[in-house]
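Trainee: Structure of the sequence below:
(chains A and B)
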Number of protein chains: 2
Amino acid sequence: MSSPFQLWMKSIQSEIEVSLQHYLPPTDTVPQVLHEAMSYAVLDGGKRVRPLLVFAAGQLFHAPQELLSRSACAVEMIHAYSLVHDDMPCMDDDALRRGKPTVHKKYDEATALLVGDALQAQAFLTLSQAQAKPELVMPMMALLAHASGSLGMCGGQAIDLASVGIALNREELEQMHRLKTGALLRASVMLGAMAGKSLDQAETSALNTYSAAIGLAFQVVDDVLDATADSATLGKTAGKDAADNKPTYVSLLGLEASQTLAEQLRLEAHAALTMFGPSAHYLRDLADLIVQRKA
Amino acid sequence: MSSPFQLWMKSIQSEIEVSLQHYLPPTDTVPQVLHEAMSYAVLDGGKRVRPLLVFAAGQLFHAPQELLSRSACAVEMIHAYSLVHDDMPCMDDDALRRGKPTVHKKYDEATALLVGDALQAQAFLTLSQAQAKPELVMPMMALLAHASGSLGMCGGQAIDLASVGIALNREELEQMHRLKTGALLRASVMLGAMAGKSLDQAETSALNTYSAAIGLAFQVVDDVLDATADSATLGKTAGKDAADNKPTYVSLLGLEASQTLAEQLRLEAHAALTMFGPSAHYLRDLADLIVQRKA
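Mentor: Below you'll find the predicted structure:
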């Protein structure tokens, strides 16, 4: 039997699939191949962790549904574009993603490049057209742009690129991941909350602590799974980081210490939510999910 | 001796160089290589046609300086990112841009990919942080995102890609360019005007007609120059379109008819500005510049 949390997750995942389809350009409009490839990259795949975080945080402050939905889709489009570009031959050169051929394999490299570029623009377009007070949406646009750019996700990828074959210490590894995956996870939490109200300092600080903990946990668990699970379960090529000689938590701390760290971070995330009381239960459940997932 | 228009152009170009430097992440912040490469791609190059259009249109409605400056920088960052990605091996595979090695030649392909991605985010960040009324800036964000995405610039590039070796007719060629270069030129004009006020229908329509004319003229002249000028004058590889078997106005209409068309479009652009009276003089001068330029 499904728990209330699992039912909620499924309902958000379904609503996000419908919303993404709605906010993506129709595949029968010119240029069709680009629009098909954008849908291919975004739809029908992934656990939608970021949209789930947006909705879970939005619940804290009774954020309006349309703004949450647009925020969740915008973040997911940014995430999807980053995967498309990250999989390209000049980056990770990966052939499999979410159990399907990557965009440059299914189409070609030029299309993959344009799909990523167009998805990024679509993300900002989707959020900018929200039926909400502009003074509420504008800081959300700034936050999403900052989290996506050179001081966020792209910056993390640049540090990652520069680190192949170099022995990063734990602090450097953390900085890389704080930007590469952490920035967009934090943005998801913040966008959800900001869709409800302007946050005060205590709220911002608590959500930052929560986000930092789950962001790091997400990466630690990713590294553990990369070292222990098989490609079929992951839906992407397993053991790739080790083969590429990339630094991981498992290579740095060992498997057991990595698992202990993930559990510590889960408890930190819970602790950070204390001030929000019972209404933060979905954020708590998501912290558990991130640490206890098997793929 | 320089004309008032030439002096104005030089002053805007200098101000844009300073503003771009201000709105780009500092090159001494981590990740340094990415930030250096972003500055390399954006600074010290180009005629800044789009920023000039932003400022010329802004003058019509007394738009505030800071919002114009941010709009101009945002458009120029989008333009610069598109050049970086367009030059990559999987697209046009070009080694020379504005007389300098292209980003993937100077750095590497992965860096070029990230530079483009991060510049797009930086463009939206720059505009979203404007010290102006959010209800004025929000539609500008939407306009820029729409012009950059799959129904604008990226869409035009996708059509361009699909058209190599195919005999496009004039209508198809126009549609491709209306998106590929036209969308961002139109966005420049509109952003400048919208920075001053919410446009009424007559103003929007007149500026659309002007933008369509200069956008098309820009491309026709580009094709003429590609066929007649040398690489040193252009600062990029000349004759490349013909070598790549890409459709151009010159290959479709011939050289002389292309030159006549450009002149007709210049006059159309002038005619569209009638309702704005004398204060549209910089927009008129820019139409002349676009058609009469030598590089």
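Trainee: From B:Leu207, how far out is the closest residue to A:Phe124 other than its chain neighbours?
Mentor: Once flanking residues are discounted, A:Phe124 sits nearest to B:Ala145: 4.2 Å by Cβ to Cβ, 6 or more residues apart in numbering or on different chains. Every C-beta, even on glycine, is put in place using the N, C-alpha and C of the backbone. Per Cβ to Cβ, to the nearest Å, B:Ala145 is found 19 Å from B:Leu207.
Trainee: Same check on A:Ser188?
Mentor: A:Ser188 is 38 Å from B:Leu207, where distance means Cβ to Cβ.
Trainee: Check A:Phe55 too.
Mentor: 40 Å.
Trainee: Can you list phi and psi of A:Tyr107 for me?
Mentor: phi -110, psi -110 (degrees, to the nearest 10).
Trainee: In contact with A:His79: list those residues for me.
Mentor: A:His79 makes contact with A:Gly46, A:Arg50, A:Leu184, according to Cβ atoms under 8 Å, 6 or more residues apart in numbering or on different chains.
Trainee: again with A:Tyr81
Mentor: Residues near A:Tyr81 by Cβ under 8 Å, 6+ apart: A:Ala41, A:Val115, A:Gly116, A:Asp117, A:Leu119, A:Gln120, A:Ala123, B:Asp117.
Trainee: SS state for it?
Mentor: helix (DSSP: H, G, I helix; E, B strand; the rest coil).
Trainee: ok, back up a step: out of the contacts of A:His79, flag the one nearest to chain B.
Mentor: Comparing the contacts of A:His79 against chain B with Cβ to the nearest Cβ places A:Leu184 closest, at 11.2 Å.
Trainee: for the record, mean pLDDT for the helix or strand containing A:Leu289?
Mentor: Assigned by DSSP states H and E, A:Leu289 belongs to helix A:281-292. The average of the pLDDT scores along helix A:281-292 is 96.
Trainee: how far away is A:Ser150 from chain B?
Mentor: The gap separating A:Ser150 from chain B is 4 Å, by Cβ to the nearest Cβ, to the nearest Å.
Trainee: ok, how many other residues are close to the residue nearest to that residue when sequence neighbours are not counted?
Mentor: Ranked by Cβ to Cβ, 6+ apart and with sequence neighbours excluded, the top spatial neighbour of A:Ser150 is B:Ala118, at 4.0 Å. By the measure other Cβ atoms under 10 Å in any protein chain shown, the count of residues near B:Ala118 is 31.
Trainee: List the contacts of B:Ala118.
Mentor: Counted by Cβ under 8 Å, 6+ apart, B:Ala118 has contacts A:Gly149, A:Ser150, A:Cys154, A:Gly155, A:Ala158, B:Leu34, B:Met38.
Trainee: these two touch, right, the third one and B:Gln120?
Mentor: No: at 9.3 Å, A:Cys154 does not count as touching B:Gln120 under the criterion of Cβ atoms under 8 Å.
Trainee: rewinding a little: just want to know which of A:Ser188 and B:Leu207 has more residues nearby.
Mentor: Set A:Ser188 next to B:Leu207 and count neighbours by other Cβ under 10 Å: A:Ser188 wins out with 32 against 25.
Trainee: any idea where the strands of chain A begin and end?
Mentor: With DSSP state E as the criterion, chain A has strands at A:96-97, A:100-101.
Trainee: Which one of those strands lies nearest to B:Thr111?
Mentor: strand A:96-97 (22.3 Å; Cβ to Cβ).
Trainee: strands paired with that closest one, and their directions?
Mentor: Strand A:96-97 has its sheet partners listed here by DSSP bridges as strand A:100-101 (antiparallel).
Trainee: which residues are contacting the partner strand?
Mentor: Identification of contacts with strand A:100-101 by Cβ under 8 Å, 6+ apart yields A:Tyr40, A:Gly45, A:Ala95, A:Lys106.
Trainee: let's see it at 7 Å
Mentor: Residues outside strand A:100-101 that contact it (Cβ atoms under 7 Å, 6 or more residues apart in numbering or on different chains) are A:Gly45, A:Ala95.
Trainee: Could you do stretch A:35-48 as well?
Mentor: Under the contact criterion Cβ under 7 Å, 6+ apart, stretch A:35-48 has outside partners A:13, A:16-17, A:20-21, A:24-27, A:29, A:76-77, A:80, A:84, A:98, A:100, A:103, A:106-107, A:111, A:115, A:118-119, B:150.
Trainee: With that, I have no additional questions.
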